[in-house]
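1. take a look and give me a structure for this.
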Amino acid sequence: MKKKVLWAVITTILSVLTIYTLFYNSGLSLTELWQDIKEASPLWLVPAALCMLGFIFFEGRSLVLILRTLGYPAKKRRGFLYASADIYFSSITPSATGGQPASAYFMHKDGVTAVEVTVSLILNLTMYTLAIITLGLISLIFFPRIFIDFALPCKIMILIGILAMGLLTAFFIILLKKQSILLKFGNLIIKIIHKLHFKNTAERFKLKLDTMIENYNECVITLAGKKRLLVKTYLLNLLQRTAQILVTVFCYYAMHGNLANGLKIFVIQTYIVMGSNFIPVPGAVGISEFLMYLGYSMLLSEEGAYTLAILSRGISFYTCSIISIFTVILGYIMIRLRSNKRKKEGIK
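-> Numbering: from 1, shown residues only. Predicted coordinates:
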């Protein structure tokens, strides 16, 4: 908990420094930025906000779909909570390492077993990564000129991002198909616990491990036979990533950008996502904003690129994070109230 608070503070400081640096370099004042935002068309800001919500919604729908296939009667609104926990804690922890455990916490509190949680999150993360790779490869194949026009450091980051996501996808697929890897990992943990002289804990964990691997295998077999589920999960993740990227396109239109350039903005933003997604900084704060500025400068003036970077990032990341944390807090309060009620009624 202390670590999460620490990273939340670090993320906030990074965010403030990033916004300040963007302002400092752009020569824009707060008054000028506010004037630009006031002049933005609400007609386009509304779909930008809806796409931001879609980013949370589609991940939640994907998780609910997987859980229902595994036999757990997950409700759609709980999917929004699971996704909010993942998105918020991913944004404040290095390499997004906090998102999956936070999502798992709420699933577990809803009665989903640890094995089902693990399989669901790994499968969804696999499809999430495949969705980014798909958009990145389409951009590289059909719009290589835009990639070439990026500065050399940006190109290197984009290529590293593609390579890292490819390796990560391969790792997730192997993890789903080779339960022996999990068994070896579990045995390694047991050895470490033994060496720390917690023999009773190690023995209890060992007794559970075989059952967990067996259940894990059953879950994977159940999902492997559901091709329609795999396709739907992939498409939902594709919609999620597309919705996030479209926030920038609609912000560009809100700033009275040329309608014909919408597809180029979409491709530029896709490259930016590829280049910043695996930066080991909470939420890729700072890196993402500067990639955005460099990318948007291909089509906009310096001032326009800064304004679009601030407006787009303000909706797709900062506002999204605020909505996510409020959803997480509300979800946590509801769990506590439900727990207290069950205690009063004498229900375990």
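
2. now stretch 131-149, how far from the centre of its chain.
-> Stretch 131-149 sits 20 Å away from the centroid of its parent chain (C-alpha atoms, centre = their mean, to the nearest Å).

3. pLDDT of that stretch, averaged?
-> Average pLDDT, stretch 131-149: 91.

4. so which bits of it are buried?
-> By neighbour count on 16 or more other C-beta atoms under 10 Å, the buried set for stretch 131-149 is A131, I132, I133, T134, L135, G136, S139, L140, F143, I146, F147. (Glycine included, C-beta is placed from N, CA and C.)

5. helix or strand for the third one, which one?
-> Assigned by DSSP states H and E, I133 belongs to helix 114-142.

6. pLDDT wise, what is A243 at?
-> At A243, the pLDDT recorded in the model is 96.

7. could you number the chain from 621 rather than 1 from now on?
-> Sure, I'll start numbering at 621, so the last one becomes A863.

8. that one and F675 touch, don't they?
-> Yes - taking contacts as C-beta atoms under 8 Å, A863 lies within contact range of F675: 5.0 Å.

9. which residues touch A722?
-> A705, D706, Y708, F709, V948 (C-beta atoms under 8 Å, 6 or more residues apart in numbering).

10. quick one: contacts for the residue nearest to R861 when sequence neighbours are not counted?
-> In space, R861 comes closest to A751 once its chain neighbours are excluded; the distance is 4.8 Å by C-beta to C-beta, 6 or more residues apart in numbering. The contact partners of A751, taken as C-beta under 8 Å, 6+ apart, are Y854, N857, L858, Q860, R861.

11. got the angle for the helix or strand hosting the second one vs helix 734-762?
-> In other words, N857. For N857, the host element (DSSP H and E) is helix 847-874. Between helix 847-874 and helix 734-762, the angle comes out at 50 degrees (axes from the mean of the first three to the mean of the last three C-alpha atoms, to 10 degrees).

12. show me what the helix or strand following helix 847-874 is packed against.
-> Using DSSP H and E, the helix or strand that follows helix 847-874 towards the C-terminus is helix 882-896. Judged by 3 or more C-beta pairs under 8 Å, 6 or more residues apart in numbering; DSSP states H and E, helix 882-896 is in contact with helix 734-762, helix 764-769, helix 772-797, helix 847-874, helix 907-916.

13. okay if I get these as JSON lines plus distance to S661?
-> Output for the helices and strands packed on helix 882-896, formatted as JSON lines (distance: least, C-beta to C-beta, whole Å):
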{"stretch": "helix 734-762", "distance to S661": "26"}
{"stretch": "helix 764-769", "distance to S661": "25"}
{"stretch": "helix 772-797", "distance to S661": "29"}
{"stretch": "helix 847-874", "distance to S661": "5"}
{"stretch": "helix 907-916", "distance to S661": "18"}
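
14. ok, which of the ones you listed comes nearest H728?
-> Closest to H728 of the helices and strands packed on helix 882-896 is helix 734-762 (C-beta to C-beta; 6.0 Å).

15. I809: which of the contacts of A751 is nearest?
-> Closest approach to I809 among the contacts of A751 (C-beta to C-beta): N857, at 30.1 Å.
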